[in-house]
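In: Build the 3D model from these lines:
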Amino acid sequence: KIRRVLDRDIPMLILGETGTGKELLARAIHMDSARAKQPFVAVNCASIPKDLFESEFFGHEKGSFTSAVKQRIGKFETATGGTLFLDEIGDMSLTAQAKVLRALQEGKITRVGAEKDISVDVRVIAATNKDLLKEVDEKNFRLDLYHRLGVIIIHVPSLNERRDDVPSLVEHFLDIIASEYGQPKKEVDAKAMDALKNYNWTGNIRELRNVVERLIILSGKTITLEDVENYVLPRK
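Out: Below you'll find the predicted structure:
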């Protein structure tokens, strides 16, 4: 069943707290799909000003407005053939939602200042930390877009709900950060790992990565319980 979902271009909605790794999951889904060799384009919907939304998503033609000094290709065109990841979809304005819904339904977009439609072929994965049904009730989110995006809904639990994953995530970040710094991988002793496993991860995976990086910088060859107590655990 999972394989059928990955191989088909079924829209997905990923729900979870901030920092739980929703984009990492979206990338993993893309890489395990038939579109893996095509672009994965991530867009943070909360960071795009309302007046720049159309240009950012659909592109614009040269001269279509004052600062349009050259043609711009939007995110939908850039992601054609691949996956468009719409992060923080719950922060998108209602006007923008309507235009994204049209693009998804028709498979076509129009650049700002252009007359002709452009066909686009994208698989959309959206994510949010908001309760979208509550946002629908409060008239902040379109129900039709919710149903369009939420064909498959995945809930990513917080790190505190899956503490058994902490050791493997720590090892993963030890590998990545050691490679980034060009230094040998450090080890974590058992007591230090237990302390990390039982820590209150309010910032989820994003916080865990920051903590591992801090420990790599400040500890010796082996990360010990004393290191965790000094650099991670809150002072009593």
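
In: Enumerate every residue touching Val100.
Out: Neighbouring residues of Val100 by C-beta atoms under 8 Å, 6 or more residues apart in numbering: 57, 86, 92, 145. (Each C-beta comes from the backbone N, C-alpha and C, glycine too.)

In: all strands of the protein, in order?
Out: For the chain, applying DSSP state E gives strands covering 12-16, 40-44, 83-87, 108-109, 118-119, 123-128, 152-156, 187-188, 222-223.

In: what's next to the last one, contact-wise?
Out: Under the criterion C-beta under 8 Å, 6+ apart, residues 186-189, 192, 215-216 lie in contact with strand 222-223.

In: The fourth one too?
Out: Applying C-beta under 8 Å, 6+ apart, the external contacts of strand 108-109 come out as 57-59, 74, 76-77, 103, 117-120.

In: are any of these buried, and which?
Out: Neighbour-count burial (16 or more other C-beta atoms under 10 Å) applied to the contacts of strand 108-109 gives 57-59, 74, 76-77, 103, 118, 120.

In: Which one of those residues is nearest to Thr18?
Out: Ranked by distance to Thr18 (C-beta to C-beta), these are led by Phe57 at 22.9 Å.

In: How many neighbouring residues does the nearest residue to Arg214 once chain neighbours are set aside have?
Out: Closest residue to Arg214 apart from its sequence neighbours, by C-beta to C-beta, 6 or more residues apart in numbering: Tyr231 at 5.7 Å. Tyr231 has 14 neighbours, counted by other C-beta atoms under 10 Å.

In: can you check His155 too?
Out: If we define neighbours as other C-beta under 10 Å, then His155 has 9 of them.

In: For it, list the residues it contacts.
Out: 15-16.

In: how far away is it from Met12?
Out: 12 Å (C-beta to C-beta, to the nearest Å).

In: now Leu84
Out: 11 Å.

In: Same question for Asn140.
Out: 21 Å.

In: These two: who's more crowded?
Out: Met12 (22 against 16).

In: what sits against that one?
Out: Met12 neighbours (C-beta under 8 Å, 6+ apart): 5, 26, 29, 124-126, 149, 151-154.

In: hmm, back to that, overlap in contacts of Leu84 and Met12?
Out: 124-125.

In: picking up where we left off before, from the contacts of strand 108-109, which land in helices?
Out: Taking DSSP state H as the definition of helices, the contacts of strand 108-109 contribute 57-58, 76-77, 103.

In: what's the burial count for the residue lying closest to Leu215 once chain neighbours are set aside?
Out: Of all residues beyond its chain neighbours, the one nearest Leu215 is Ile223 (4.9 Å), with distances taken as C-beta to C-beta, 6+ apart. Counted by other C-beta under 10 Å, the residues lying close to Ile223 total 24.

In: how near is Ile223 to Lys186?
Out: 6 Å.

In: One more: Pro167?
Out: Following C-beta to C-beta, the distance that separates Pro167 from Lys186 is 14 Å.

In: re earlier: neighbour-wise, which of the contacts of Val100 leads?
Out: For the contacts of Val100, neighbours tallied by other C-beta under 10 Å; top is Met92, 26 neighbours.

In: Could you find the closest non-adjacent residue to that one?
Out: Closest to Met92 by C-beta to C-beta, 6+ apart is Cys45, at 4.4 Å.

In: swap in Tyr199?
Out: Val232 (6.7 Å).

In: And Leu169, by the same measure?
Out: Leu208 (5.9 Å).

In: Surely the one you found and Val170 touch.
Out: Yes: assessed by C-beta atoms under 8 Å, Leu208 is found in contact with Val170 at 7.1 Å.

In: Need the max-distance pair from the ones in helices among the contacts of strand 108-109.
Out: Glu77 and Ala103 (10.6 Å).

In: Since that was my last question, I'll sign off now.
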